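K.L.:
Here is the input, now give the coordinates:
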Amino acid sequence: MLIYLYDSRMDSLADIELFLNGTSFVEFKAELGTRVETYKWIEDTLVKFSYLACKKKQRGMIRRYIQKITGLSISQVRKCITKYIHTGRVKVKNYERNSFTTVYTNEDIKLLAKTDALYEYPNGAALKKTLKRMATEYKVKEYERVSRISVTHIYNLRQSPIYLRINKRYEKTKPRVVNIGERKKPEPNGKPGYLRVDTVHQGDKEKDEKGRYIKGVYHINMVDEIVQFEFIGAVEKISESYLAPLLETLLDFYPYVIIEFHSDNGGEYINEIVVTLLNKLLIKLTKSRSRRSNDNALAESKNGSIIRKWMGYGFIEQKHAERINTFYFGYFNEFINYHRPCAFATEIKDKKGKIKKVYKEKDYMTPYEKLKSLPNAKQYLKHGVTFEILDKIAMRHTDNDMARIVQEERRKLFDEIIT
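P.N.:
Numbers count the residues shown, from 1 in each chain. Okay, the predicted model is just below:
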């Protein structure tokens with residue numbers, strides 16, 4: 001019995017144009033089956049829309065429509081149309097040739113395709129297991145032959161015309177591979193200038209009248225792996241237009257030269273705008289490797305010990321980002337870099353060669369103290385920056401005085417933004 005597409009909604013070329021533009025759809029009654037059935041549908045379509053009487057633009061539209069529905073290549077569609085122009089028919093050419101015995105019938109391939117679609121196209125081994133279970137566990141006779149298929153041949157049949165005619169229209173959007181940044185763990189070898197960056201979201205509020213969650217402000221946390229110099233900023237949104245200016249400001253605040261910028265695989269950092277900014281500053285961009293959670297662990301730990309401890313978990317409206325930055329750049333960043341001690345591990349290798357990190361009393365110092373303690377530390381400073389200038393910043397307040405100032409300024413900040 002002949003089976004072909006039931007496209008009753010396609011009554012004119014205007015309907016085809018709407019369909020190709022994605023603003024209309026075809027009501028599918030069944031999938032196209034054999035080549036004979038496919039060619040019959042192509043012939044009926046060419047007759048239905050009077051292909052020979054159409055103008056050039058209209059003919060191109062009909063060709064794209066046929067190609068999209070049948071899954072044939074553009075060259076195959078043109079060959080079919082050429083046959084129709086010369087003979088008035090679109091028929092399969094009958095000829096004899098030597099061929100291998102067909103193990104899996106068209107019905108087997110259709111069964112494979114439909115099962116594949118049910119499970120959202122798993123890998124070949126998983127699909128074979130499903131086919132085998134259908135035949136052995138549930139005793140479905142239709143699966144007896146196809147359940148013996150090899151994993152390799154599953155991938156072959158996925159490229160067959162019959163399979164593609166059934167499943168081509170339902171392919172999921174393939175993820176776009178972003179070739180930005182190198183996947184690697186930063187290797188500073190004791191040198192400052194290797195930054196880890198991460199984003200912290202300050203919560204959501206209950207849904208608004210349109211049923212959408214109200215997003216809170218975002219904190220951008222940037223910390224050096226070796227000396228733990230850390231600068232934090234806030235943005236209303238993590239779109240590129242908000243983020244790029246803040247990143248440039250944060251990078252400019254570091255007193256030494258930045259060599260590498262490392263983030264996770266989030267789109268807020270892995271994009272062309274950030275790449276352009278870093279290239280301008282001659283900074284290398286790297287990103288975390290798959291299933292290597294430690295690659296950005298330092299930034300993650302600072303999110304909890306710094307941002308969450310001082311800013312909490314409660315919702316803060318996005319409009320307060322500018323006021324939060326006044327607190328960060330006016331007081332808080334100076335406090336955490338020049339007055340707040342951090343732990344710097346001493347690595348000890350045991351007899352088996354395993355490295356163990358130990359924290360001793362001498363390993364606690366401020367990031368600025370750690371920077372000064374590096375061998376020949378002056379070589380890392382930016383042009384025009386000296387330790388004499390940085391010492392004045394570190395000594396203009398005692399640690400306790402600076403902590404009191406930060407506590408008071410944070411209280412004022414929360415009084416303004418928390419309602």
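
K.L.:
List the contacts of stretch 262-272.
P.N.:
178, 180-181, 186, 194-199, 238-240, 243, 261, 285-288, 295-296 (C-beta atoms under 8 Å, 6 or more residues apart in numbering). All C-beta spots, glycine's among them, are computed from the backbone N, C-alpha and C.

K.L.:
which among the residues you listed end up buried?
P.N.:
181, 186, 194-199, 238, 240, 243, 261, 285-288, 295-296 (16 or more other C-beta atoms under 10 Å).

K.L.:
Just those residues: which are in helices?
P.N.:
In helices, judged by DSSP state H, the following of the buried ones among the contacts of stretch 262-272 are found: 240, 243.

K.L.:
Show me the helices in the stretch 51-200 of the chain, by range?
P.N.:
Counting by DSSP state H, counting those that start in this stretch, the segments of the stretch 51-200 of the chain that form helices are 56-70, 74-87, 106-118, 124-136, 151-157, 161-167.

K.L.:
Tell me which of those helices sits most buried.
P.N.:
Most buried of these, by mean neighbour count (mean count of other C-beta atoms under 10 Å): helix 161-167, with a mean of 20.

K.L.:
Can I get that helix in PDB? Just the C-alpha atoms.
P.N.:
Extracted C-alpha coordinates of helix 161-167, given in PDB (Å, rounded to 0.1, in the frame of the first residue of the first chain):
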ATOM      1  CA  PRO A 161      17.800   7.000   3.700                       C
ATOM      2  CA  ILE A 162      14.900   5.200   5.400                       C
ATOM      3  CA  TYR A 163      16.200   6.100   8.900                       C
ATOM      4  CA  LEU A 164      16.800   9.700   8.000                       C
ATOM      5  CA  ARG A 165      13.300  10.100   6.400                       C
ATOM      6  CA  ILE A 166      11.800   9.100   9.700                       C
ATOM      7  CA  ASN A 167      14.100  10.900  12.100                       C
END
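
K.L.:
Now that helix: average pLDDT?
P.N.:
Averaging pLDDT along helix 161-167 gives 85.

K.L.:
what helices or strands is that helix leaning on?
P.N.:
Applying 3 or more C-beta pairs under 8 Å, 6 or more residues apart in numbering; DSSP states H and E, we find helix 161-167 packed against helix 106-118.

K.L.:
Among the helices of the stretch 51-200 of the chain, which comes closest to Tyr39?
P.N.:
Evaluated over these, closeness to Tyr39 peaks at helix 74-87, with 6.5 Å, by C-beta to C-beta.

K.L.:
Give me the contacts around the closest one.
P.N.:
So helix 74-87 is contacted by 39, 42-43, 46, 51-52, 63, 66-67, 70, 72, 89-91 (C-beta under 8 Å, 6+ apart).

K.L.:
redo that, cut-off 7 Å
P.N.:
Contacts to helix 74-87, defined as C-beta atoms under 7 Å, 6 or more residues apart in numbering, come from residues 39, 42-43, 46, 52, 63, 66-67, 89-90.

K.L.:
Taking these together, which two end up most distant?
P.N.:
Checked with C-beta to C-beta, those reach their widest spread between Gln67 and Arg89, with 19.6 Å between them.

K.L.:
Thanks a lot, see you next time.
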